[in-house]
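# Structural data only, the sequence is not supplied:
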Ligand SMILES: Nc1ncnc2c1ncn2[C@@H]1O[C@H](COP(=O)(O)OP(=O)(O)OP(=O)(O)O)[C@@H](O)[C@H]1O
């Protein structure tokens, strides 16, 4: 399988003193439903952080707030030590963010090539032939060679998810600043068969490793994805962080939430959201 063409061009300096991202006391309600309650977390340069926890506990909401797609009610967001008021991109020193959403969110009227190469068609001087070559390369990386001319409706849900992944990792090789510094993955392997999951997990890790100090946050329920993609795990329950630790500690911690989550037991502090 092809390696990322941008693999040897790390996009930012490692060893920064400030965290890449810091959330302090973030709260968010939807009507009477308090979804996030004073959540604070940091993501350092080069870190791979998994946010896990039961359904409906606010994981995707955190990603959407970080991405600037949703406003918080309270709390502060710092990027590279600088407080940000609104959109992360809405600043003098923007952070490139790539996102892979739970729903593939492709444009139905565009081909796979047009979807994956969308930003390059809009914002680069690359020729259509060059963009097509990059699209083919990225589709090969996600294990979907030869589908560039198809439409999303012709693909399975898992294939669409991998196309969405391909789009998130597309970047302009002529513009090093184009590489996302922070990738946000919202359940990138949900609904995929085990082999397709492994392909995506390896890609996530591979891109991370090759970038040297690229950082990402991944929200996932999949046991294998947590173990194979995360350095550190944050456990969210009912809008609060109730455990955080290195991924290898998930099997040894006596935290009751973590124990119940990984055993799948019905008895314990985690109760299904109503
Ligand atoms: N736009 C919205 N309007 C109203 N309620 C919302 C909205 N977005 C999310 N919620 C609610 O916020 C809560 C948390 O949702 P969120 O998607 O963040 O949970 P999650 O932990 O990612 O869940 P899952 O693991 O099932 O994807 C849920 O109760 C959800 O119904």
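Perfect, thanks for sending it. Since this is a predicted model, take the numbers as computed values, not measurements.
# how about the helices of the stretch 1-150 of the chain, start to end?
59-66, 112-116, 118-123, 128-141 (DSSP state H, counting those that start in this stretch).
# With the stretch 151-274 of the chain instead?
Counting by DSSP H, counting those that start in this stretch, residue ranges of the helices within the stretch 151-274 of the chain are 157-169, 194-211, 223-229, 256-263.
# list the contacts for the closest residue in space to residue 123 that isn't next to it in sequence?
Computed as CB to CB, 6 or more residues apart in numbering, the closest residue to residue 123 that is not its neighbour in sequence is residue 172, at 8.0 Å. From N, CA and C alone the C-beta is placed, and that goes for glycine too. Contact partners of residue 172, counting by CB atoms under 8 Å, 6 or more residues apart in numbering, are 120, 123, 124, 126, 178.
# Most neighbours out of these, which is it?
The residue in these with the most neighbours, by other CB atoms under 10 Å, is residue 120 (21 neighbours).
# Among the helices of the stretch 1-150 of the chain, show the one with the smallest mean pLDDT.
Out of the helices of the stretch 1-150 of the chain, the stretch the model trusts least by mean pLDDT is helix 118-123, with a mean of 86.
# where does the stretch 1-150 of the chain come near the ligand, residue by residue?
Proximity of the stretch 1-150 of the chain to the ligand (CB under 6 Å from any ligand atom) is limited to residues 30, 33, 35, 55, 56, 57, 58, 59, 60, 61.
# In strands, which of the residues you listed appear?
Using DSSP state E, the members of those that fall in strands are 30, 33, 35.
# Distance-wise, check the residue lying closest to residue 105 once chain neighbours are set aside relative to residue 145.
If the residues on either side of it in the chain are set aside, residue 105 comes closest to residue 164, at 6.5 Å by CB to CB, 6+ apart. Shown here: residue 164 relative to residue 145, a distance of 17 Å by CB to CB, to the nearest Å.
# Compare these two (neighbour count), which wins?
Counting neighbours by other CB under 10 Å for residue 164 and for residue 145 shows that residue 164 has the greater number, 22 against 13.
# can you pull the buried residues of stretch 46-60?
Applying a neighbour-count criterion of 16 or more other CB atoms under 10 Å, one finds 46-54, 57-60 buried in stretch 46-60.
# Find the pair from those with maximum spatial separation.
46 and 54 (28.7 Å; CB to CB).
# Contact partners for the residue nearest to residue 81 when sequence neighbours are not counted?
With CB to CB, 6+ apart as the criterion, residue 81 has its nearest non-adjacent residue at 3.5 Å, and that residue is residue 18. Counting by CB under 8 Å, 6+ apart, residue 18 touches 78, 80, 81.
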